[in-house]
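# predicted coordinates and the sequence they were generated for:
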Amino acid sequence: MKNITHKELLESVVHFGHLKKKWNPKMSPYIFMEKKGIHIIDLNKTITSLKDAAAALKSIAASGKKILFVGTKKQAHFIVKELAEKVGMPYATERWLGGMLTNFSTIRKSVKKIQTIEKILADTEAKLGKKERLTLSRKKDKIEKVLGGISGLNRLPAAIFIVDIMHEHIALAEANKLNITTFAMVDTNSDPTAVDFPIPANDDSTRSVKLITDYIGDAIIEGLAERGKNKEAKSETEDAENKEATSEKKSEKKEVEKKAAPKTKADKVVKKDTKPAAKTTPKKVASTKAKAEVKTKKAAPAKKAAPKKPAAKAKTTTKKTTKAK
């Protein structure tokens, strides 16, 4: 943001105020002196207040919120419209409709009418006569003239910038009622306490209005550029985090697949070979030997008893022979 000099302010006639008889006593802190019945504004106060206002507007623009520009007087009409279109912000330069902020829902409905009329006129199948088309196009132009600047405003703005609060007193009252932060060019005949960020300056000169609005426009453009950079940085960090998360998920999937994979024949053979080696401990070998000895002892007497059976049969045969004799 470039620094504004006293020379530029003097060349743009920012220091000229109103006649002494028209002054507002609340503007006394911003008045430097009186010359030939005209108050001269203190440019040091103008520079400090302008920098504060520009910094606040820059932060609002960086946060992605909307700023409404209002300037319906002849000196500010084209300048404010050009600035708002350059910055991409809503504006009201033709006429301030009562309730444009306080009754925003109904104003929004009338803005939607423009879209419906455009659809009807663009529809080739609709059988409209020349008179009907003319009436619709005239109605559309009438609404666009007053509300065309706020057609992209879907909700209430975060801030409002006003040129000449005496001329735009309704807009200021509505903004204060809804607690919207107000920025305004304040001349010596105005009340600076009614504005959150007053900028003491000559609001009747086109050169003065252009200089101050251009400075504020540059601040808003810087804020929008910062917002774009922050978005890019966030998207890069999110992409990096997503890549890390996907790599972690892939590694986890591979581990799970390894565990759940079918065992190969080589693994089975190795396991079969290792199982008997683990079972044949010295204690188990001793126990198996003891069991074998017990079995042999039990089997030995059974073998000795086998030859005695024929002897018994011999006795019976001898008895039978004696009887026969």
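Received the coordinates, thanks.

# how much space separates A159 from I220?
In this view, A159 and I220 are 10 Å apart by Cβ to Cβ, to the nearest Å. For glycine as for every other residue, the C-beta is placed from the backbone atoms N, C-alpha and C.

# gap between stretch 238-253 and the chain center?
22 Å (Cα atoms, centre = their mean, to the nearest Å).

# how about stretch 157-170?
Centroid separation for stretch 157-170 versus its chain: 29 Å, with Cα atoms, centre = their mean.

# with only the CA atoms kept, save that stretch in PDB.
Listed next in PDB are the C-alpha coordinates belonging to stretch 157-170 (Å, rounded to 0.1, in the frame of the first residue of the first chain):
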ATOM      1  CA  PRO A 157     -22.500  -6.500   3.900                       C
ATOM      2  CA  ALA A 158     -19.900  -6.500   6.600                       C
ATOM      3  CA  ALA A 159     -19.000  -2.800   6.100                       C
ATOM      4  CA  ILE A 160     -20.300   0.300   4.200                       C
ATOM      5  CA  PHE A 161     -18.300   3.100   2.700                       C
ATOM      6  CA  ILE A 162     -20.200   6.400   2.300                       C
ATOM      7  CA  VAL A 163     -19.300   9.600   0.500                       C
ATOM      8  CA  ASP A 164     -20.900  12.600   2.300                       C
ATOM      9  CA  ILE A 165     -22.900  11.300   5.200                       C
ATOM     10  CA  MET A 166     -25.200  14.400   5.100                       C
ATOM     11  CA  HIS A 167     -26.400  13.400   1.700                       C
ATOM     12  CA  GLU A 168     -26.600   9.700   2.500                       C
ATOM     13  CA  HIS A 169     -28.000  10.000   6.100                       C
ATOM     14  CA  ILE A 170     -30.600   7.200   5.500                       C
END
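
# tell me which residues in it are buried?
Of all the residues in stretch 157-170, those buried under the rule 16 or more other Cβ atoms under 10 Å are 157-168, 170.

# checking my notes, H18 in a strand, right?
Yes. Assessed by DSSP: H, G, I helix; E, B strand; the rest coil, H18 belongs to a strand.
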